[in-house]
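Peer 1: Predicted model, plus sequence, below.
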Amino acid sequence: MKVTIEIAHRAIADLKARLAKSEVQVYAARKHPLAKTKALTTVLDESDAEIAKMRAELARFEAMLEAGP
């Protein structure tokens, strides 16, 4: 059981790192002058949706870990 919990902690840490990286990239892209174009706006909106999914997945993992076996 301890190994499973350690794996879960690693998965959560990895997800948090990926989420932070994605948020920084989208934030930087929105600051770019081309961010006003329709195509880039669409891509950034899709990225925001993916980030929201990652946040939900992270919350689910953390809740499962806190709930225990």
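Peer 2: Received it, and whenever you're ready, just let me know what you need.
Peer 1: Surely Glu57 and Arg18 touch.
Peer 2: No: assessed by C-beta atoms under 8 Å, Glu57 is found out of contact with Arg18, at 10.2 Å. C-beta here means a position set from N, CA and C on the backbone, and glycine is covered the same way.
Peer 1: shared neighbours, those two?
Peer 2: By C-beta atoms under 8 Å, 6 or more residues apart in numbering, Glu57 and Arg18 have no common neighbours.
Peer 1: From the centroid of this protein, which residue is nearest?
Peer 2: A centroid search over the chain (C-alpha atoms, centre = their mean) returns Leu19, at 2.9 Å, as the residue closest to the centre.
Peer 1: And the host helix or strand of that one, what's buried?
Peer 2: Applying DSSP states H and E as the criterion places Leu19 in helix 2-31. Across helix 2-31, burial judged by 16 or more other C-beta atoms under 10 Å covers Ile12, Leu15, Leu19, Val26.
Peer 1: Which positions within stretch 45-53 qualify as buried?
Peer 2: Ser47, Ile51.
Peer 1: which residues are contacting that stretch?
Peer 2: With C-beta under 8 Å, 6+ apart as the criterion, stretch 45-53 contacts Leu19, Ser22, Glu23, Gln25, Val26, Ala29.
Peer 1: Now the first one. Nearest residue, chain neighbours left out?
Peer 2: Closest residue in space to Leu19, ignoring its immediate chain neighbours: Met54 at 4.8 Å, by C-beta to C-beta, 6 or more residues apart in numbering.
Peer 1: Next, the angle from the helix or strand hosting the one you found to helix 2-31.
Peer 2: Using DSSP H and E, Met54 maps to helix 38-67. Interaxial angle, helix 38-67 versus helix 2-31 (axes from the mean of the first three to the mean of the last three C-alpha atoms, to 10 degrees): 160 degrees.
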